[in-house]
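A.B. asks: based on what follows, work out the 3D shape:
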Amino acid sequence: MARAKAGNTDLDVIAELDRKVHWLAAWTIHNANHLRESRDGLKVGGHQASSASCATIMSALYFSVLRPDDRVAVKPHASPVFHAIQYLSGRQSLDQLQRFRAFGGAQSYPSRTKDCDDVDFSTGSVGLGVAMTAFASITQDYLLAHKLMAPERAGRMISLLGDAELDEGNVYECAIEGAKHGLRNCWWIVDYNRQSLDATTPERMFLRFAEIFAAVGWDVVTLKYGRRLEAAFAQKGGQALKRWFDDCPNDFYAALSFQGGAAWRAAILGDLAGDKDLEALLASYDDEALAAVMTNLAGHDLELLLDAFAAVKDEAPKLFIVYTIKGFGLPFQGHKDNHSGLMTETQMAAFQAKMAVPAGQEWERFAGLPREAGDYEAFLAAAPFAARQPTPPAPRVAVPAPFPRPTGRQSTQVAFGRILNDLARAGGPLADAIVTTSPDVTVSTNLGPFVNQRGLFAREVHSDRFREAAIASAQRWSMGPQGQHIELGIAENNLFLMLGALGLAAPLFGARLMPVGALYDPFINRGLDALNYACYQDARFLLAATPSGLTLAPEGGAHQSIHTPLIGMAQAGLSAFEPAFVDELAEIMRWSFEHMQEDKGGSVYLRLSTRILEQPDRPHDPAWAAELVEGAYWQVAPAPGAELAVVYTGAVAPEAQAAFEAIVEDYPGAGLLAVVSADRLHRGWSAAGGRSHAARLLSALAPRARLISVIDGPPATLSWLGGVLGHPVRALGVEAFGQSGEIADLYRAYGLDAEAILDAAAEVLF
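C.D. replies: Below you'll find the predicted structure:
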């Protein structure tokens, strides 16, 4: 709770610290751009104006309002403010500030994996950090319902966002999803400075924002006027001033904020000439005082902010629309070009004098403030947020071995569902830790059996009307607090943000979950920014993308994924696999649940298929399993010095095998190489070169042996194999949008069938 009411001492101290935050944020950026040596001559940047607009809001939060278990997503462009606050609080080093935006220094945007101070949620791709707080709140509710965290440890998930972030569609997808799940304990605080990078924002958007969020169950709190401005409105002539103020267009207000008191006076009197009470009111202020009053917006009024935040007593989601001025207190405040503006040396010298920071003490934490350093140290140590302790390491979840391995003729998609179902039925720590989620494709991605076993998550029990009426249905989905599936609407951004939040349960809340998400493979593209964002935070989850490729034959090009294997290879923090057979899938899933818990582990992407295949009958071999998770194994090992090998990935296994069997009639020493993870195989080669798993496998071939590769995906997925030891490669794959048809017709048309593989072999051999 804010402490402003305990006399004025606390308020004064916070105001003094807030002044220091403004200074350090601006100075850190100035140092990076004007003082630190630059070897490449590039502008470093840092957003002095965007930092200044929200610095007081952040001071109010971190120095008084935040509780130890609250989690915050900081506005990306307010990174310098965040680092300054952490520096004052003893959680950030001088070296990091001095290397802001330099290699190894404080990051341009808050990063939980690259910054050394206490970042809860990475931000940078605008709008995603905002929505992440809502899904983190749902994750917290899940942990509370499952008794995986103590109720007294529950915190508020808070996002400080720029108003331009409300242009991002994922924010509204998230808001709708939150309404479905009864979102609570979530605050979004909008730095409503009404200026974006290119322009001043349209008029009266605060009304639209308020209507939208109120419609999905949020309490909307608009904080517009500071108390000095309210006091002016309360004087004789003040109501006319208030009407003028409220009608003032955004761009005109911004321009006047830049121009100063004389411009304010001329503009107001020009519009309201003859109003004697108003003229007398304005005459009571000199130009400097008038400018101070007219720019006294709520976001720059510390006491008002503290009171407004302290007034919240319930758990309903809150949207605070807080009026601010972009660049507040800086020489370019309100200027339409200030987004990337930087103070000059002369302007910084004037700003330094205004902030009373002695020369040579620019980096001193409390230099220029009126109290002893010990007073500020004691105050910061007593701030509620200072009681936060590092989250204790979450215990590992035991992964059973051997892993379930369904038998019989089936697809990898069906086998995936059966493995999860077997785990759920068997029970144990892993089954209890798994939480599944999907954007309205739970049934069609084969998560349904798991949900039948474990139920849907909701904070309250919901009855199944169909079951109560004895209406036959394959879906026996109970819904209540102990459910382990979070059903989402059909929005892939929400899926990846939900997976990201669930996958951060261990570092954020101290309880480890094993999130498993499923979606259609082609629609990874629709949520790719959010997937990248989740991986950037080092969230841990298992993603099953199915159906995939041309193999989803009748669905046509809209649902047939083309380039997703390359996404899997390119995405940092994500290991991509495309197994052809069930025993491969079972081993990969077992490895995945271990990998998700490793210090240097990560998330996993499975590209699965609906194609039903005959399954090989082979016993579990630890050596084979080790090769498998490294990316590839010889399904048929080549004779020493063989001149040809067929290489395949995924659902085209039958075509590769058929072509191989025809080839070995003429070339009996040829090999058949199964690549189950081009991603891990390539990554290993990039790291180890000639000592890599790929090099060891291919060294069995003759130096100029030919490779024929085939995948229901981009040929580039496997064509790089020619660079490992210099083998010529003829790469087959898909490079055009598909169409509807049967598998045989499509494979023939797009060059994936056995005949195409044989033709390619003939090309390279003769």
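
A.B. asks: and Arg730, which helix or strand is it part of?
C.D. replies: strand 729-732 (DSSP states H and E).

A.B. asks: my bad, Ala687
C.D. replies: Assigned by DSSP H and E, Ala687 falls in helix 678-688.

A.B. asks: from the chain's centroid, how far away is that helix?
C.D. replies: 26 Å (C-alpha atoms, centre = their mean, to the nearest Å).

A.B. asks: for the stretch 201-350 of the chain, what spans make up the helices?
C.D. replies: Secondary structure of the stretch 201-350 of the chain, counting by DSSP state H, counting those that start in this stretch: helices at 205-215, 227-233, 238-247, 250-259, 261-271, 276-283, 287-294, 302-310, 345-354.

A.B. asks: packing partners for the lengthiest helix in the chain?
C.D. replies: Counting residues, the longest helix found in the chain (DSSP state H) is helix 9-30. Counting contacts by 3 or more C-beta pairs under 8 Å, 6 or more residues apart in numbering; DSSP states H and E, helix 9-30 is packed against helix 48-60, helix 79-88, helix 94-98, helix 302-310, helix 345-354, helix 373-382. Backbone N, C-alpha and C define where each C-beta goes, glycine included.

A.B. asks: quick check: angle from it to helix 345-354?
C.D. replies: Put simply, helix 9-30 runs at 160 degrees to helix 345-354, going by axes from the mean of the first three to the mean of the last three C-alpha atoms, to 10 degrees.

A.B. asks: for the helices and strands packed on helix 9-30, which one sits closest to Ala754?
C.D. replies: helix 79-88 (55.7 Å; C-beta to C-beta).

A.B. asks: now the angle from that closest one to helix 9-30?
C.D. replies: For helix 79-88 against helix 9-30, the angle by the same axes, to 10 degrees is 120 degrees.

A.B. asks: still on that earlier bit, next SSE after the helix holding Ala687?
C.D. replies: helix 693-698.

A.B. asks: would you mark the buried spots in that next one?
C.D. replies: Buried residues in helix 693-698, counting neighbours by 16 or more other C-beta atoms under 10 Å, are found at His693, Ala694, Leu697, Leu698.

A.B. asks: ok, the residue lying closest to the last one once chain neighbours are set aside - contacts?
C.D. replies: In space, not counting the residues next to it along the chain, Leu698 is nearest to Leu725; the distance is 5.0 Å by C-beta to C-beta, 6 or more residues apart in numbering. If you count contacts by C-beta atoms under 8 Å, 6 or more residues apart in numbering, Leu725 has them with Gly690, Ala695, Leu698, Ser699, Leu701, Pro703.

A.B. asks: what are the phi and psi values for the last one?
C.D. replies: If I follow you right, that is Pro703. Phi and psi for Pro703, reported as degrees, to the nearest 10, are phi -60, psi -30.

A.B. asks: Leu697 touches Gln635, doesn't it?
C.D. replies: No. Leu697 lies out of contact with Gln635 (C-beta atoms under 8 Å); the separation is 11.4 Å.

A.B. asks: joint contacts of the two?
C.D. replies: Leu673.

A.B. asks: quick revisit: helices or strands next to the helix holding Ala687 in the packing?
C.D. replies: With 3+ C-beta pairs under 8 Å, 6+ apart as the test, helix 678-688 has helix 564-570, strand 574-577, helix 622-630, helix 693-698 packed against it.

A.B. asks: could you identify the most distant pair in the contacts of Leu725?
C.D. replies: So for the contacts of Leu725, where distance means C-beta to C-beta, the most widely separated pair is Gly690 and Leu701, at 14.4 Å.

A.B. asks: give me the more crowded residue out of the two.
C.D. replies: The neighbour comparison of Gly690 against Leu701 (other C-beta atoms under 10 Å) goes to Leu701, with 24 against 11.

A.B. asks: in the chain, where is pLDDT below threshold?
C.D. replies: 1-8, 766 (pLDDT under 70).

A.B. asks: next, name the residue at the spatial heart of it.
C.D. replies: Tyr533 (3.2 Å; C-alpha atoms, centre = their mean).

A.B. asks: out of the helices and strands packed on helix 9-30, deepest packed?
C.D. replies: Mean neighbour count (mean count of other C-beta atoms under 10 Å) peaks for helix 48-60 among those, with a mean of 29.

A.B. asks: export only the CA atoms of that one, formatted as PDB.
C.D. replies: Output in PDB follows, covering the C-alpha atoms of helix 48-60 (Å, rounded to 0.1, in the frame of the first residue of the first chain):
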ATOM      1  CA  GLN A  48      14.800   9.800 -23.300                       C
ATOM      2  CA  ALA A  49      11.300  11.200 -24.100                       C
ATOM      3  CA  SER A  50       9.500   7.900 -23.600                       C
ATOM      4  CA  SER A  51      11.300   7.300 -20.400                       C
ATOM      5  CA  ALA A  52      10.500  10.800 -19.000                       C
ATOM      6  CA  SER A  53       6.800  10.400 -19.600                       C
ATOM      7  CA  CYS A  54       6.400   7.300 -17.300                       C
ATOM      8  CA  ALA A  55       9.200   7.800 -14.800                       C
ATOM      9  CA  THR A  56       7.000   9.100 -12.000                       C
ATOM     10  CA  ILE A  57       4.500   6.200 -12.500                       C
ATOM     11  CA  MET A  58       7.300   3.800 -12.100                       C
ATOM     12  CA  SER A  59       8.700   5.600  -9.100                       C
ATOM     13  CA  ALA A  60       5.300   5.300  -7.400                       C
END
